[in-house]
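J.: Give me a model of this one.
(chains A, B, C, D, E and F)
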6 protein chains.
Amino acid sequence: MQRLLMTGAGGIVGSMLRPHLRSVAPIVRLSDLKDPGPAEAGEEIMPADLADAAAVDRAVEGCDGIIHLGGMSLENSFEVILDANIRGTYHLYDAARRFGVKRVLFASSNHVIGFHERETLLDADSPPRPDSLYGVSKGYGELLARYYYDKFGIETAIVRIGSCFPEPRNRRMLATWLSVEDMAALVERVFTVDRLGCPIIYGASANRESWWDNRKTGYLGWVPQDNADRFRHLPHLSTPETDPEDPAVRYQGGAFVPAGMPDRRR
Amino acid sequence: MQRLLMTGAGGIVGSMLRPHLRSVAPIVRLSDLKDPGPAEAGEEIMPADLADAAAVDRAVEGCDGIIHLGGMSLENSFEVILDANIRGTYHLYDAARRFGVKRVLFASSNHVIGFHERETLLDADSPPRPDSLYGVSKGYGELLARYYYDKFGIETAIVRIGSCFPEPRNRRMLATWLSVEDMAALVERVFTVDRLGCPIIYGASANRESWWDNRKTGYLGWVPQDNADRFRHLPHLSTPETDPEDPAVRYQGGAFVPAGMPDRRR
Amino acid sequence: MQRLLMTGAGGIVGSMLRPHLRSVAPIVRLSDLKDPGPAEAGEEIMPADLADAAAVDRAVEGCDGIIHLGGMSLENSFEVILDANIRGTYHLYDAARRFGVKRVLFASSNHVIGFHERETLLDADSPPRPDSLYGVSKGYGELLARYYYDKFGIETAIVRIGSCFPEPRNRRMLATWLSVEDMAALVERVFTVDRLGCPIIYGASANRESWWDNRKTGYLGWVPQDNADRFRHLPHLSTPETDPEDPAVRYQGGAFVPAGMPDRRR
Amino acid sequence: MQRLLMTGAGGIVGSMLRPHLRSVAPIVRLSDLKDPGPAEAGEEIMPADLADAAAVDRAVEGCDGIIHLGGMSLENSFEVILDANIRGTYHLYDAARRFGVKRVLFASSNHVIGFHERETLLDADSPPRPDSLYGVSKGYGELLARYYYDKFGIETAIVRIGSCFPEPRNRRMLATWLSVEDMAALVERVFTVDRLGCPIIYGASANRESWWDNRKTGYLGWVPQDNADRFRHLPHLSTPETDPEDPAVRYQGGAFVPAGMPDRRR
Amino acid sequence: MQRLLMTGAGGIVGSMLRPHLRSVAPIVRLSDLKDPGPAEAGEEIMPADLADAAAVDRAVEGCDGIIHLGGMSLENSFEVILDANIRGTYHLYDAARRFGVKRVLFASSNHVIGFHERETLLDADSPPRPDSLYGVSKGYGELLARYYYDKFGIETAIVRIGSCFPEPRNRRMLATWLSVEDMAALVERVFTVDRLGCPIIYGASANRESWWDNRKTGYLGWVPQDNADRFRHLPHLSTPETDPEDPAVRYQGGAFVPAGMPDRRR
Amino acid sequence: MQRLLMTGAGGIVGSMLRPHLRSVAPIVRLSDLKDPGPAEAGEEIMPADLADAAAVDRAVEGCDGIIHLGGMSLENSFEVILDANIRGTYHLYDAARRFGVKRVLFASSNHVIGFHERETLLDADSPPRPDSLYGVSKGYGELLARYYYDKFGIETAIVRIGSCFPEPRNRRMLATWLSVEDMAALVERVFTVDRLGCPIIYGASANRESWWDNRKTGYLGWVPQDNADRFRHLPHLSTPETDPEDPAVRYQGGAFVPAGMPDRRR
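T.: Have a look, this model is predicted:
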């Protein structure tokens, strides 16, 4: 691989991942709506609005692989999500098709399956249960990735990222946390494995609490090494929730689940 | 139910279904982009562009149930599909939420699963394999329906319609054909069953050739009665295909599958 | 088979089944707490309290097969259910073991699985979800039947009876109804099939609405013929329930589910 | 299809099927070790020893499809089975490959799965449990058929024939019987369906007692119409077996199972 | 949690677990039929006969959580088991309901599934196969726990304990052994996890030989650390069994399986 | 075990395994077509052609266990494979039956399932998809092993060996490699576990890339320790394949898959 594009390079995940990309490709092209900061050696900066097809074309042209982190990563109004995640992801894949990019890592989200209960162990074949318009839009991206794989042969790693932060921010993240080192190891696997296909992968570290089963993607050779449990002693992670029937505790999507939900559904 | 809205009332399925709705609700509101013809007794005509949120609001207000056939039902450019099927379905569900509609029949499509091979028996939990941007947009509608059910309690029958025409038009339809009588019986079940939930139902008659298994939705009590086999003697249905590896024969989506596919993927 | 014992002979199911047993065995021994009425030709009357081991012994001795309908068939206090269904079923099976009875039909109940939602298609391997102390006691009977099969070779047909009445009494029974003719046909199969094993069978007619899948017991050759749908026009079956979230509508156990449930669980 | 080869044409199944082949192909080539009787209109007779590669080549050359009933269809010594079923089936498939035959119906046998218990419902994915060297050899043929499909694209219908006789000969055949009419209907489907693939099909009529589930091959449109139950009144089918633990009753393979089995395994 | 009740505190498991409970709750109430020895700091002693509802009420009142080890833990006569395990467990759960206890660890047993063969990997959804009246009574307790969860919201960890002893006592325990440290870690998880639900957990250490799969309860974050393999060199664990068909070797329940079994079933 | 026979002792796997057998049995009998070298202490040399029944009898007589590595382990002509693998394996099992050998390790091959795609996680119940006549013959051996287990009680560990070499030879072996130490540990388990049954085991080390799931045979206590990943830096393992659609990359069987395949199937 000569040149790797990373969209959403200025976001939390993008910023953490950036220094890990040197070993993946000699040239890394960083794109975001806003300026992700000056280019280091081996980096190119190319801002682009995902809703702007021509801009996306410019970002994609000349690349061999894409890490697509860009778009809206929280709940927002329908039209905002439409532009960033639905139109944007289409622009990206259609550019990939036209410019001959063969491999993509698509940052999907656990909010595609957020309405499953915590007791339900999920794997790649579990039915989607989005918990937000955001989750619905990520599910759309997954469908699009699969379509471009089946029809055009573009391989995508669909990564349903849990919570990729420096440290777990709340008790839920004891199960959903993904360390940047484990994320970087996944990136390395996605772009070096001989055959990727179009797998759905749950993006979580080897946490002691585990809701997701990645066995079906064992062929990728991604074996996360981190464990959120080492943060358990931190004060904000030590106090149990008091109501197991609270939708934010009952369902995997956490606080996205009760947001906007009418009282009688709780 | 006092008033039932049917979108897409001027299309093929809508036109065939229209005379069957009398027994489902005393008032039937018919909507489409184009005029679906003059109202008969018990009918109201209310044209609406699904991409126009205010128009959709006017169509939905005052209704107790919705049959959502509207939108683009063939492959088309991304922006056309976006307006009709993605924006349009969002407008519809959000109007349903705000106006208190509790039950919807959403016309999804077999093209959500068109890239499965014919030998694969599918049921409600089979993973989606869209064969077109159209199929991807219908998959989006399914996700949206599930989201509105889980979060807001709006029940939807997601019907992956096979081929709803007066007669099978080609050999593939010997498996995918759905007679209008069977479709009408499904409508009756959807709006009278005590609890609908949010099931995925394959919309095909009791054809001798069968790719889809509806057992998981046996609680609905929908038992199709028709069988495409009675048309098998017709000339255009009598000549076997000669190449079982032709993508249009190999995959369930038929001609949608090879459309636009590069030669080396065939 | 020379002599068939039927416990609970004076109950609703027992009374309806009684005239159908002539063709199953030359002598039918009828037992119940209360007198089930005078013996007809080929019948013996032998009252017994299931909680009385010696009485159960007398009822079982000399029989080749047992239809065990006896015990408490509605929710009741723990001690009443304990005596009738737990102690009673143990007495029955232990007598069967000591007197060499090789085949039993055990009337279990849909209330063993009453806390499954209607949308969940169940089969013989679905996990139990009892909706009442009564349902728990029937689950105990199922475990006991399996134990006597695995350890002692006594074959039992575990029949999770839906609603065996002359006609469906409420809308729920459109799915759960079992006609006495279909029940009698099942009895005939249970006592004439070459190998019975210890299957779990859902006791429902071939109703249009179907929650249960008996395919795994196709080896028995029981193919129910009746369909509750022919009663749908009756006034008490024609009015839809208005709240799909009512526990009595949401769960398979019907009115047993909300009985005694605290408000916040509903 | 211009010319259809049927091997084993002189056997029981072949003789019964012969008059039904007229409508499948204009020319039917009949082959067997022994002379299957004089050719009728549209028939060719071509005897061949399956162990003789050159003879098999002559039988296969010029044909478009093959019904492979030939070989040893009962338990026999290893070397006899080797010649007829292992070497013979290889000769047949390799001739098919070299002469361009694209579609085969391979008569496999229920004895490939004879060591499954009757209570186990089987489908196409159930693991093999051969009950005899004969059953092992038919399992070999199934593997060979799959290999020629995956590597060379020759489609085969693998039919695990139950008991194809004019009438059921014993109580076990109430479940395993396949009427010749249903077998002929399957032949018709195999050679006219647009895409066959390489399915495993259980060859039994729509008998009331059912051990096998063909739902996964619903795409073939084969819906058997006969039912062994209409013979149940016959004297040799009316008397129940007395020991459900008898291996010939316990396992699906019937009398093949205990044959040769040491006493302590029974 | 302020006060934790442990029943069966004087038994083998209770005695080993007792010193580990200090970190789980400030006050630990110890109950048993017989005196479990003098209270240490933070302990209360409260003897109770589980068959005595009033005594159970006294033990439960004022507690926030329960570890229910009490009852009969070996095969015994029906009436002894009835009093201790059936009546006793009902008394416990009904007291928990009335006194507002929200979380329970119920010591079930591998003898609920003892009649499964060793080669069968079990998980939480495997069907019960009790090997004893004791096993049947534990299955009853599991049903009761589920009922109190579904109807009243009392969460229970159903732990099918393998063999909780200081060391493995026989070769079977190389697979079934549960170290007290792993059991204590499970207790800690059960009473601190935000949402428990009503899971079935197999209580075994991370033994090299493994019959049970706890993946479905990965959300609990219980990762056993011990391994019976370190005792393999001990003389009583070194000599292989000589007959793999011995029921005590063939089935998971070990010596419970052949106990009382008639010769012809072995 | 007094005497262990190893066939194929002169092959690659046999030669590597030979020094590890000392601890398994006091006497090891080594057999091969060609001379496997002079006997060391505790060894016997007994050459035999597997196609020669009498020679196989001599090799088997007096042994308590067999490791059957012998036969043809690469693609070859049908008759060569027939003699070595089909006739040979039959000779071996029938000798085992007649001479009372109770336990066998049968070296099957990943080429029994070579036509599965890499993305498909396989376990013991996955359907066979042989990629060669060699793979078909190994599938035959598996059927034979199962038959001798079900009918005669001879236990076999069916080991689908991946790639047992000193080091991985190509990138595919990063997933399929089996170190001789892990193979030796498996041999130890097979001949000391109390009950073996007739499991299908995938023979691969604990490689980071994993296509196969052995959880169902956890009862054996075989936990491989090696990981091919430590060889990843070697030059011949460092260069990615460039075409994920190459059949040798797409399917698990590697180079066996495209061998002999016509161009249009690729």
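
J.: Local confidence estimate at the residue nearest to residue A:129 when sequence neighbours are not counted?
T.: Nearest residue to residue A:129 in three dimensions, chain neighbours excluded: residue A:115, at 3.5 Å (CB to CB, 6 or more residues apart in numbering or on different chains). The way it works is simple: take the backbone N, C-alpha and C, and place the C-beta from them, glycine included. Per-residue pLDDT puts residue A:115 at 98.

J.: what sits against residue A:115?
T.: A:129, A:130, A:131, A:251, A:252, A:253, A:257, B:146, B:147, B:150, B:151 (CB atoms under 8 Å, 6 or more residues apart in numbering or on different chains).

J.: Which of the residues you listed ranks first by neighbour count?
T.: Compared across those, residue A:131 has the highest neighbour count, 31 neighbours, by other CB atoms under 10 Å in any protein chain shown.

J.: for that one, what are its contacts?
T.: By CB under 8 Å, 6+ apart, the contact list for residue A:131 reads A:111, A:114, A:115, A:251, A:253, A:256, A:257, B:147, B:150, B:151.

J.: just to revisit the earlier point, which of the contacts of residue A:115 fall in helices?
T.: Those of these mapping onto helices are B:146, B:147, B:150, B:151, per DSSP state H.

J.: so which of those comes closest to chain D?
T.: Of all the ones in helices among the contacts of residue A:115, chain D sits closest to residue B:146, with 26.0 Å by CB to the nearest CB.

J.: Which helix or which strand is home to residue A:15?
T.: Using DSSP states H and E, residue A:15 maps to helix A:12-17.

J.: sorry, back to before: kindly present the contacts of residue A:131 as TSV, with separate columns for distance to residue F:29.
T.: Listed next are those as TSV, based on distance: CB to CB, whole Å:
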residue	distance to residue F:29
A:111	63
A:114	62
A:115	62
A:251	62
A:253	62
A:256	66
A:257	66
B:147	67
B:150	65
B:151	70
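
J.: quick one, phi psi at residue A:91?
T.: As for residue A:91, its main-chain torsions (degrees, to the nearest 10) stand at phi -60, psi -40.

J.: got a pLDDT number for residue A:230?
T.: Per-residue confidence for residue A:230 comes out at a pLDDT of 97.

J.: So it, which state does it fall into?
T.: Here residue A:230 is recorded as helix under DSSP: H, G, I helix; E, B strand; the rest coil.

J.: Now do the strand or helix carrying residue A:54: which elements does it pack against?
T.: Element membership of residue A:54 [criterion: DSSP H and E] is helix A:53-60. Packing partners of helix A:53-60 (3 or more CB pairs under 8 Å, 6 or more residues apart in numbering or on different chains; DSSP states H and E): strand A:3-7, helix A:88-99.

J.: Point out the residues in chain A that sit beside chain E.
T.: Applying CB under 8 Å from any CB of the partner chain, we find that chain A lies next to chain E at A:117-119, A:121, A:171, A:174-175, A:207-211, A:213, A:229, A:240-241, A:244-245, A:249-250.

J.: Please list only the buried members of those residues.
T.: A:118-119, A:121, A:171, A:174-175, A:207-211, A:213, A:229, A:244, A:249-250 (16 or more other CB atoms under 10 Å in any protein chain shown).

J.: what's the neighbour count on residue A:34?
T.: 9.

J.: Who does the residue sitting nearest the centre point of chain A form a beta bridge with?
T.: Note on chain A: the residue nearest the mean C-alpha position is residue A:107, at 2.5 Å, using CA atoms, centre = their mean. As for beta bridges, residue A:107 partners with residue A:159 under DSSP bridges.

J.: Just the pLDDT at it, thanks.
T.: Per-residue confidence (pLDDT) for residue A:107: 98.

J.: which ones are touching it?
T.: A:8, A:13, A:67, A:68, A:69, A:159, A:161.

J.: which two of those residues lie the greatest distance from each other?
T.: Farthest-apart pair in the contacts of residue A:107 is A:8 and A:159; separation 12.8 Å (CB to CB).

J.: Before we go further, residue A:66 is sitting in a strand, right?
T.: Yes. Counting by three-state DSSP, residue A:66 is found in a strand.

J.: just checking, residue A:55 touches residue A:32?
T.: No. Here residue A:55 does not reach residue A:32: they are 11.4 Å apart, not a contact under CB atoms under 8 Å.

J.: shared neighbours of the two, anything?
T.: The contact lists of residue A:55 and residue A:32 share A:47, A:48, where a contact means CB under 8 Å, 6+ apart.

J.: These two: who's more crowded?
T.: The neighbour count for residue A:55 versus residue A:32, taken as other CB under 10 Å, is higher for residue A:32 (24 against 18).

J.: what's the pLDDT at the more buried one?
T.: pLDDT, read off for residue A:32, is 97.

J.: Check the secondary structure at it for me.
T.: The three-state assignment at residue A:32 reads coil, by three-state DSSP.

J.: what's it sitting at in phi/psi?
T.: Torsion angles, degrees, to the nearest 10, at residue A:32: phi -170, psi 170.

J.: quick one: it and residue A:13 touch, right?
T.: No. If you go by CB under 8 Å, residue A:32 and residue A:13 don't touch, sitting 11.5 Å apart.

J.: Mind listing what's buried along the helix or strand of chain A with the lowest mean pLDDT?
T.: When the helices and strands of chain A are scored by mean pLDDT, DSSP states H and E, helix A:235-238 comes last with a mean of 94. Under the neighbour-count criterion of 16+ other CB under 10 Å, helix A:235-238 has residue A:237 buried.

J.: In the helix holding residue A:15, which of the residues would be classed as buried?
T.: Neighbour count says helix A:12-17 has A:13, A:14, A:15, A:16, A:17 buried, by 16+ other CB under 10 Å.

J.: likewise stretch A:78-86?
T.: So for stretch A:78-86, counting by 16+ other CB under 10 Å, buried means A:78, A:80, A:81, A:82, A:83, A:84, A:85, A:86.

J.: which non-adjacent residue is nearest residue A:145?
T.: Using CB to CB, 6+ apart, the closest residue to residue A:145 is residue A:156 (4.0 Å).

J.: for the one you found, helix, strand, or coil?
T.: Following three-state DSSP, residue A:156 is assigned to strand.

J.: Quick check: residue A:110 touching residue A:164?
T.: No. Look at residue A:110 against residue A:164 with CB under 8 Å: they stay out of range, at 10.6 Å.

J.: ok, and what's touching the helix holding residue A:15?
T.: By CB under 8 Å, 6+ apart, helix A:12-17 touches A:6-9, A:30, A:32, A:36, A:67, A:69, A:107, A:161, A:164-166, A:180, A:183-184, A:187.

J.: Report the buried residues of the helix holding residue A:54.
T.: Neighbour count says helix A:53-60 has A:53, A:55, A:56, A:57, A:59, A:60 buried, by 16+ other CB under 10 Å.

J.: Rebuild those residues as TSV, extending it with distance to residue C:100.
T.: Output for the buried residues of helix A:53-60, formatted as TSV (distance: CB to CB, whole Å):
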residue	distance to residue C:100
A:53	82
A:55	85
A:56	80
A:57	83
A:59	82
A:60	79
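
J.: between these, which is nearest chain B?
T.: Set against chain B, the nearest of those by CB to the nearest CB is residue A:53 (9.4 Å).

J.: Now do the contacts for the nearest residue to the closest one once chain neighbours are set aside.
T.: Spatial nearest neighbour of residue A:53, excluding adjacent residues (CB to CB, 6+ apart): residue A:91 at 4.8 Å. Taking CB under 8 Å, 6+ apart as the contact definition, residue A:91 lies against A:50, A:51, A:52, A:53, A:56, A:57.
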